[in-house]
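1. here is a sequence together with a model predicted from it:
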Amino acid sequence: MPTDQVAIVGVGRTEFARMTPGRSPASLAVAAARDAIVDAGLSAADIDGICTSGVTRPGSFTPDPAALQEALGIPLTTWGATVEIPFSFLLIEAQNAVIAGACTTALIVHAVYRAGPVGDDPFRPRLLSARRPARQPFPFTDGYASFAARYLHDYGVTREDLGLVALNDRQHAVRNEHAVMRDPITMDDYLAARMIRWPLGLLDMDIAIDGAVALVITRAERAPDGPHRPVYVHAIGAGRTEHPNFPNTESLGHLGQQAAVAAVRARSDLWIEDADLLHAYDGYSVIALNWLENLGYCGKGEAGAFLRDCWDPTDNVAKIRGRVPMNSHGGNLSAGGTQGAGDVCEAVGQLRGEGRERQVPGHPSVAVVALGGMYMNSSVAVLRAE
């Protein structure tokens with residue numbers, strides 16, 4: 001597939017918060033979508049395609065395309081879809097629809113929402129789909145704890161390697177007014193945090209929030225007409241292996257992450273050596289370490305050592321090659337768990353030069369955004385600005 005055929009021309013987002021009393025997930029989704037359309041310099045009548053994340057995952061309660069169309073007053077659409085998370089999967093569907101001519105300008109929207117009141121456990125509860133009892137434990141914690149334990153065992157590393165992801169993200173979040181967790185932490189804080197399931201503690205897991213993110217996507221040749229610097233989807237892809245589940249995953253060396261990387265590398269003229277920004281998905285800290293290794297920044301089991309080598313003691317964050325930040329908004333561990341929507345929003349904002357006090361210097365032009373987990377929904381996007 002040729003590169004740079006579509007561009008992100010509009011961005012909308014609500015505030016991220018631990019709770020938003022009086023707000024519904026639908027109201028958050030509509031607010032983000034409205035703002036994205038305005039940001040693109042368009043009106044509702046210019047949108048003819050809508051993609052949402054549906055209700056297929058805990059915490060994902062975006063209205064379906066028809067409901068969103070009615071709420072926004074969009075008079076006519078020619079394409080719509082409801083897609084699994086992470087957020088990059090919505091971007092893939094919108095890109096394909098625009099390139100195929102199913103629509104000319106697509107809106108993608110993802111909302112997250114916590115349960116309330118949350119009773120005696122403020123950490124993890126979210127609204128769940130009707131298919132699962134409301135108090136059933138969040139299932140991915142067990143699986144990713146086993147992945148993390150295997151990682152520590154196979155490579156002879158310690159929990160401090162996981163902790164570096166949490167420390168890096170929290171320090172970036174300190175400068176992000178939208179982040180929900182902004183108090184600085186130390187490695188001692190990380191190690192002392194409540195253990196959830198060994199070796200994953202409270203600070204290894206993303207933060208459940210209320211919020212929404214929306215993007216407007218159109219063909220590349222239309223993008224320069226907008227009010228902002230367009231951000232092109234240079235290349236994007238996803239990958240799964242033959243056993244896309246926890247129990248049957250063969251090894252840490254044969255995962256969806258490697259499949260997604262191979263798919264994008266076959267399409268992209270740009271790669272990590274060209275990147276000015278890195279987003280390594282951190283729904284659990286162990287995912288980010290594996291992304292660093294599978295993207296090619298370092299060898300297997302070496303991500304912790306790599307982060308230490310990159311550590312800037314002045315800013316107390318990792319800077320790849322002395323300048324490239326990882327998860328510059330604070331990631332899902334500190335900015336808030338958005339299944340990658342916040343990562344894409346941050347990458348686009350940085351490439352447009354809108355990072356404010358956390359703007360990456362030197363006019364960044366390439367972002368590598370690696371989203372999703374380690375086995376079933378891994379994806380990589382290379383985003384580019386002129």
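-> All right, it came through fine.
2. where in the stretch 51-200 of the chain is pLDDT low?
-> Along the stretch 51-200 of the chain, the parts satisfying pLDDT under 70 run over 55-60, 115-139.
3. could you pull out the strands in it for me?
-> 79-82, 105-112, 195-197, 200-201 (DSSP state E, counting those that start in this stretch).
4. by contact count, what packs against the shortest one?
-> Looking back up the chat, that one is strand 200-201. Contact here means 3 or more C-beta pairs under 8 Å, 6 or more residues apart in numbering; DSSP states H and E; on that basis strand 200-201 packs against helix 139-155. Bear in mind the C-beta positions are built from the backbone N, C-alpha and C, glycine included.
5. what residues sit buried inside the helix it packs on?
-> 140-141, 143-148, 151-152, 155 (16 or more other C-beta atoms under 10 Å).
6. what's it packed up against?
-> helix 159-174, strand 195-197, strand 200-201, helix 285-295.
7. deepest-packed of these, please.
-> helix 285-295 (a mean of 26; mean count of other C-beta atoms under 10 Å).
8. tell me the pLDDT at the residue nearest the centre of the chain?
-> Note on the chain: the residue nearest the mean C-alpha position is Gly340, at 1.4 Å, using C-alpha atoms, centre = their mean. Looking at Gly340, its pLDDT is 96.
9. next one: the one 4 residues further on
-> In this prediction, Val344 carries a pLDDT score of 98.
10. quick check: it is in a helix.
-> Yes - under DSSP: H, G, I helix; E, B strand; the rest coil, Val344 falls within a helix.
11. need the contact list for it.
-> Listed by C-beta atoms under 8 Å, 6 or more residues apart in numbering, the contact set of Val344 reads 87-88, 91, 213, 215, 279, 369, 371, 381, 383.
12. do that again at 10 Å, thanks
-> By C-beta atoms under 10 Å, 6 or more residues apart in numbering, Val344 lies in contact with 8, 11, 86-88, 90-91, 108, 110, 213, 215, 231, 279, 338, 367, 369, 371, 381, 383.
13. who does the nearest residue to Thr141 once chain neighbours are set aside form a beta bridge with?
-> Once flanking residues are discounted, Thr141 sits nearest to Arg197: 5.6 Å by C-beta to C-beta, 6 or more residues apart in numbering. Note on Arg197: beta-bridge partners Leu200, judged by DSSP bridges.
14. do you know how far Arg197 is from Asp204?
-> 10 Å (C-beta to C-beta, to the nearest Å).
15. and what of Val286?
-> 7 Å.
16. these two touch, right, His363 and Arg323?
-> No - look at His363 against Arg323 with C-beta atoms under 10 Å: they stay out of range, at 12.0 Å.
17. number of residues surrounding Ser43?
-> 12 (other C-beta atoms under 10 Å).
18. quick one, what contacts it?
-> Ser43 makes contact with 37, 73-75, according to C-beta under 10 Å, 6+ apart.
19. from those residues, which is closest to Asp309?
-> Nearest to Asp309 among those is Ile37, at 43.6 Å by C-beta to C-beta.
20. quick one: buried residues of stretch 257-274?
-> 257-261, 263-265, 268, 270-272.
21. pull the CA coordinates from stretch 87-98 and hand them back as PDB.
-> Provided in PDB are the C-alpha atoms of stretch 87-98 (Å, rounded to 0.1, in the frame of the first residue of the first chain):
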ATOM      1  CA  PHE A  87      -7.600   3.200  19.000                       C
ATOM      2  CA  SER A  88      -5.200   2.400  16.100                       C
ATOM      3  CA  PHE A  89      -7.700  -0.200  14.800                       C
ATOM      4  CA  LEU A  90     -10.200   2.600  14.300                       C
ATOM      5  CA  LEU A  91      -7.600   4.600  12.400                       C
ATOM      6  CA  ILE A  92      -6.800   1.600  10.200                       C
ATOM      7  CA  GLU A  93     -10.500   1.200   9.300                       C
ATOM      8  CA  ALA A  94     -10.900   4.900   8.600                       C
ATOM      9  CA  GLN A  95      -7.800   5.000   6.400                       C
ATOM     10  CA  ASN A  96      -9.000   2.000   4.400                       C
ATOM     11  CA  ALA A  97     -12.500   3.500   4.000                       C
ATOM     12  CA  VAL A  98     -11.200   6.800   2.800                       C
END
